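Here is a sequence together with a model predicted from it:
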Amino acid sequence: MEVAEVESPLNPSCKIMTFRPTMEEFREFNRYLAYMESKGAHRAGLAKVIPPKEWKPRQCYDDIDNLLIPAPIQQMVTGQSGLFTQYNIQKKAMTGVDEWNIARLNTVLDVVEEECGISIEGVNTPYLYFGMWKTTFAWHTEDMDLYSINYLHFGEPKSWQITQEAGEFMITFPYGYHAGFNHGFNCAESTNFATVRWIDYGKVAKLTL
């Protein structure tokens, strides 16, 4: 009697994986993302990418004083005995740009802006996030179950289910339920993106108001 060989899934323990691409690999974002998923990175919902040493996000931060924070968020947490509620209060603009321009990832989501002329703040436009000690991002999945990419420009680390240091990327995958907190003052940049694999997720994603 022949016994069929059952192939075990990649990354069966669903651990969060860390990737260190070469400069050549790093230039092809979509191809490298497909490689990550071929290794089972998406099974954890979250993965870390440490860019090659020769890659520089920008030459300097000399013009950072010219940034405008259009909608700063003040966080308030109340509660006791293990039951807490977090309130995010949008404040007036603190300091002229509404968003930080990053290189296009050339993914499916770019079509929405380029061909349809639709700009969705915080979804297909990148945002800057300034963190302070004890500030958090609560448990959530991304809008429309999209992917997301988060780059920590400088400052103290972020803790997800893995620690993100300055100069490192975090990738979340569709259905990736995630949360975290900041160890101190820092600055991160984030946006959503989509791949061909996301399309089936997008077809069944639930809209929330």
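Right, received. Where do you want to start? Because the structure is a prediction, the values reported are computed rather than measured. Residues are numbered from 1 along each chain as shown.

For stretch 201-208, give me every contacting residue.
The contact list for stretch 201-208 (C-beta atoms under 8 Å, 6 or more residues apart in numbering) reads M144, D145, L146, P174, Y175, A194. (Glycine included, C-beta is placed from N, CA and C.)

list the buried ones in the longest helix along the chain?
Ranked by residue count under DSSP state H, the longest helix found in the chain is helix 29-38. For helix 29-38, a neighbour-count test (16 or more other C-beta atoms under 10 Å) marks F29, Y32, L33, M36, E37 as buried.

swap in stretch 172-192?
Buried residues in stretch 172-192, defined by neighbour count with 16+ other C-beta under 10 Å: 172-174, 176, 178, 180, 182-183, 186-192.

And for stretch 199-209?
Y201, A205.

what residue ranges in this protein score low on pLDDT?
1-9, 58-69, 75-76, 91-103, 113, 208-209 (pLDDT under 70).

Let's see that with 50 instead.
Low-confidence segments of the chain (pLDDT under 50): 1-6, 96-101, 103.

What segments of it are helices?
Going by DSSP H, the chain shows helices at 23-27, 29-38, 110-114, 198-204.

before we move on, the earlier item: can you tell me which of the buried residues of stretch 172-192 lies closest to E115?
Top of the list for closeness to E115, among the buried residues of stretch 172-192 and by C-beta to C-beta, is N192 at 17.2 Å.

Quick check: beta-bridge partners of the closest one?
Beta-bridge pairing of N192 under DSSP bridges involves S148.

do H178 as well
For H178, the beta-bridge partners under DSSP bridges are H140.

my read: it touches K158, true?
No. The pair H178 / K158 is not scored as a contact, 10.9 Å apart, by C-beta atoms under 8 Å.

who wins for proximity to P72 among the helices of the chain?
Smallest distance to P72 across these (C-beta to C-beta): 25.0 Å, for helix 110-114.

re the thing from before, farthest pair in the buried residues of stretch 172-192?
Farthest-apart pair in those is P174 and H183; separation 27.8 Å (C-beta to C-beta).

about what we covered before: could you check how far the longest helix of the chain is from the centre of its chain?
15 Å (C-alpha atoms, centre = their mean, to the nearest Å).

Residues in contact with it: which ones?
Under the criterion C-beta under 8 Å, 6+ apart, residues 10, 17, 19, 21, 25-26, 42, 47, 49, 105-107, 147, 171, 173, 195, 197 lie in contact with helix 29-38.

What remains of the residues you listed if I keep only buried residues?
Counted by 16+ other C-beta under 10 Å, the contacts of helix 29-38 give 17, 19, 21, 26, 42, 47, 49, 105, 107, 147, 171, 173, 195 as buried.

would TSV of these with distance to G79 be doable?
Shown next, in TSV, are the buried ones among the contacts of helix 29-38 (distance: C-beta to C-beta, whole Å):
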residue	distance to G79
M17	34
F19	38
P21	42
F26	43
H42	34
A47	32
V49	35
L105	38
T107	39
Y147	32
I171	32
F173	31
T195	39
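
what residues are up against G155?
Contacts for G155 (C-beta under 8 Å, 6+ apart) come out as G131, A166, G184, F185, N186, C187.

Next one: it from Y177, what distance?
Using C-beta to C-beta, to the nearest Å, G155 is found at 25 Å from Y177.

and R27, how many residues sit next to it?
12 (other C-beta atoms under 10 Å).
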